[in-house]
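Peer 1: Sequence and predicted structure, then a few things I'm wondering about:
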Amino acid sequence: MALIEIRGLSAAFGDAPVLDQLDLSVEAGATLAVLGGNGSGKTTLARHLSGWSGSDAVRIDRRTLAERPIAERASLIQYVGQVPGRHLSGRAFSVRDEIAFGPENLLLPREEIARRVEAALVRTGLVPLAARDPFTLSGGEQQRLVLAAALAMEPEILVLDEPVSNLDPEARGEVLDILAELAGRVTLVWLDTSLALLRRLGGRQMRLEGGRLNEVEPGELAPDAGSIATQEKLVALPTFRAAATEPAAASLGAAAMPAVLSVENLSFGYAGAPPLLADLSFRVGAGEILALIGPNGAGKSTLLRLINGLLKPAGGRISIEGFDTRKLRVDELARHVGTVFQEPEYQIFEPTVRREVEFGPRQLGLARAEIDSRRDRVLARTGLAAEAGRHPLDLTHAQQRFVAIASVLANAPKLLLLDEAQRGLDALHTERLEAILAAEKAAGTATVIISHDLEFVARNATAILDLGIR
């Protein structure tokens, strides 16, 4: 008898059907990898599997999750979703306490809780961060924390919805190694847009398409031959390493290009922590795309917040189009720079996509005709024209990301900051994003991107700034 049995599961995301009489059986200890594009229903399936969306069509060990007490359910199955911040308890003041939160609520003996917490910290490489406030961690560090908290529950089933999308390549490999150790002892269900990741995971491979699951064709599982070409492209890109001892990267941007962004001897650190950035200098010219790379916690997102004025540097100078950012308010900076953050839903607040995209141009005091023109152009560029009347939070995560991108593009900034904008996008949506980057490059927009996807960097960046551990 299979541990997981699904028979005739149908479900919708908003008004759109995504699962259509879906059937699935998974044996205890098996590894199942589910490949699906954005909007295919992966997260909906994961939520049903985990009991977040109740359905009698899903049975675990011949019983529905609704039939089980909450403590039994939590011990049986754990879910790690795409947005780690949504999984944090909000009741823990340290990483260690966050990991302990679940086992404590199972009323386990104190010694058993301590054993599980220490094992999870070691497994996920979080020992150095054990005393940190979970909400001060980077997105990638939070993703490892959420996985650690799930592992500490020692579940029989682990459902993982794009669990490494926030992680740098090294951390991604470490998580895959952790899961390889669990194979055969824990039933693993991994849902992702990346076939390359699913190849590495192994196990049974299925594709979610048209509301149904089908086996992935054997030919699709052949190793990817593009890694050598990617490495050659990366080597050819001008690269500055912030950890190096050579002089500051004053020539990182092309000398012939006017400097849209100039960073000089920038220093910054958070209270109670070692300096994060020290004497960092670089420039980005019109039409250039600078990629920030480096491990989780290296300061990539912090650097973007320093550039857009949300954080203030401890030392040094940042100028955008010749303006010293220290002398401009955040709203004045917003006329020159547009930022797309890692989690788009945190920067979306209007009741419709149309109003969200119009918000920036309205604040600029543009004429109604110009607002309408800009709105319609960026909605078309981002593939959102048909969604203009919908509430942004009723859209898929990928569509929400493009709402945030459209809202920024409507302001026509000279400097574009994208924090993991490609994360979790399938091939179709990635192509759309790359077309936008190419068009902005041709128009002379300076762009800074953060990405752990080195193939994406190789295809789109004109230079690299590596913020590797110093």
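Peer 2: Good, I have the coordinates. Given the structure is predicted, the values throughout are model-derived calculations rather than measurements.

Peer 1: Please make it C-alpha for all contacts and neighbour counts, starting now.
Peer 2: Fine.

Peer 1: State the number of residues packed around Gly287.
Peer 2: Other residues near Gly287 come to 24 when the count uses other CA atoms under 10 Å.

Peer 1: Can you tell me the SS state at it?
Peer 2: State at Gly287, reduced to three classes by DSSP: H, G, I helix; E, B strand; the rest coil: coil.

Peer 1: Surely Leu234 and Ala458 touch.
Peer 2: Yes. With contacts counted by CA atoms under 8 Å, Leu234 reaches Ala458, the gap being 5.4 Å.

Peer 1: where does the stretch 101-250 of the chain dip in pLDDT?
Peer 2: The stretch 101-250 of the chain contains residues with pLDDT under 70 at 218-228, 243-250.

Peer 1: Swap in 90 and give it another go.
Peer 2: The stretch 101-250 of the chain contains residues with pLDDT under 90 at 136-141, 143, 162-184, 193-203, 216-250.

Peer 1: Quick one: the helices in it, in order.
Peer 2: In the stretch 101-250 of the chain, the helices defined using DSSP state H, counting those that start in this stretch lie at 110-123, 139-152, 169-182, 195-201, 227-236.

Peer 1: okay if I get those as JSON lines plus mean neighbour count and distance to Arg132?
Peer 2: Formatted as JSON lines, the helices of the stretch 101-250 of the chain follow (neighbours: other CA atoms under 10 Å; distance: least, CA to CA, whole Å):
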{"stretch": "helix 110-123", "mean neighbour count": "17", "distance to Arg132": "12"}
{"stretch": "helix 139-152", "mean neighbour count": "25", "distance to Arg132": "11"}
{"stretch": "helix 169-182", "mean neighbour count": "16", "distance to Arg132": "19"}
{"stretch": "helix 195-201", "mean neighbour count": "18", "distance to Arg132": "30"}
{"stretch": "helix 227-236", "mean neighbour count": "13", "distance to Arg132": "34"}
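
Peer 1: between these, which one is nearest to Gly299?
Peer 2: Closest to Gly299 of the helices of the stretch 101-250 of the chain, according to CA to CA: helix 139-152, at 11.1 Å.

Peer 1: Now tell me what touches that closest one from outside.
Peer 2: 78-80, 83-85, 87-88, 95, 98-103, 116-117, 119-121, 123-124, 126, 134-135, 158, 163-164, 166-168, 296-297, 342 (CA atoms under 8 Å, 6 or more residues apart in numbering).

Peer 1: now do 7 Å
Peer 2: For helix 139-152, contacts defined as CA atoms under 7 Å, 6 or more residues apart in numbering pick out 78, 80, 84, 87, 98-99, 103, 116-117, 120-121, 124, 134, 166-167, 296-297.

Peer 1: Now do that helix against helix 110-123: the angle between them, please.
Peer 2: Counting by axes from the mean of the first three to the mean of the last three CA atoms, to 10 degrees, helix 139-152 lies at 140 degrees to helix 110-123.

Peer 1: Please tell me how far helix 139-152 is from the chain's geometric centre.
Peer 2: Centroid separation between helix 139-152 and its chain, computed with CA atoms, centre = their mean, to the nearest Å, is 14 Å.

Peer 1: Got the phi and psi for Glu356?
Peer 2: When read as degrees, to the nearest 10, the backbone of Glu356 gives phi -60, psi -40.

Peer 1: Name the helix or strand for the closest residue to it other than its chain neighbours, please.
Peer 2: In space, and not counting its chain neighbours, Glu356 is closest to Glu350: 5.1 Å by CA to CA, 6 or more residues apart in numbering. Here Glu350 is covered by no helix or strand, with elements defined by DSSP states H and E.

Peer 1: so how far is Leu393 from Glu350?
Peer 2: 10 Å (CA to CA, to the nearest Å).

Peer 1: The two: which is more packed in?
Peer 2: For Glu350 versus Leu393, neighbours defined as other CA under 10 Å are more numerous around Leu393 (19 against 15).

Peer 1: Just say helix, strand or coil for that one.
Peer 2: In three-state terms, and counting by three-state DSSP, Leu393 is helix.

Peer 1: What pLDDT does the model give it?
Peer 2: At Leu393, the model reports a pLDDT of 88.

Peer 1: Next up, the contacts around Val80.
Peer 2: Contacts of Val80 by CA under 7 Å, 6+ apart are 146-147, 159-161, 163.

Peer 1: same check, this time on Phe402
Peer 2: Phe402 neighbours (CA under 7 Å, 6+ apart): Thr382.

Peer 1: 10 Å instead?
Peer 2: Applying CA atoms under 10 Å, 6 or more residues apart in numbering to Phe402 gives the contacts 340, 344, 378-379, 381-384, 396, 408, 421, 429, 432-433.

Peer 1: got it, and Arg63?
Peer 2: Residues in contact with Arg63, defined by CA under 10 Å, 6+ apart, are 3-5, 56.

Peer 1: can you tell me how far the closest residue to Arg200 other than its chain neighbours sits from Leu454?
Peer 2: If the residues on either side of it in the chain are set aside, Arg200 comes closest to Leu176, at 7.8 Å by CA to CA, 6+ apart. As for Leu176, its distance to Leu454 is 18 Å (criterion: CA to CA).

Peer 1: now swap in Ile178 and tell me
Peer 2: Separation of Ile178 from Leu454 (CA to CA): 22 Å.

Peer 1: just Arg200 next, same as before
Peer 2: To Leu454, Arg200 is 17 Å away according to CA to CA.

Peer 1: likewise Gln363?
Peer 2: Gln363 is 36 Å from Leu454, by CA to CA.
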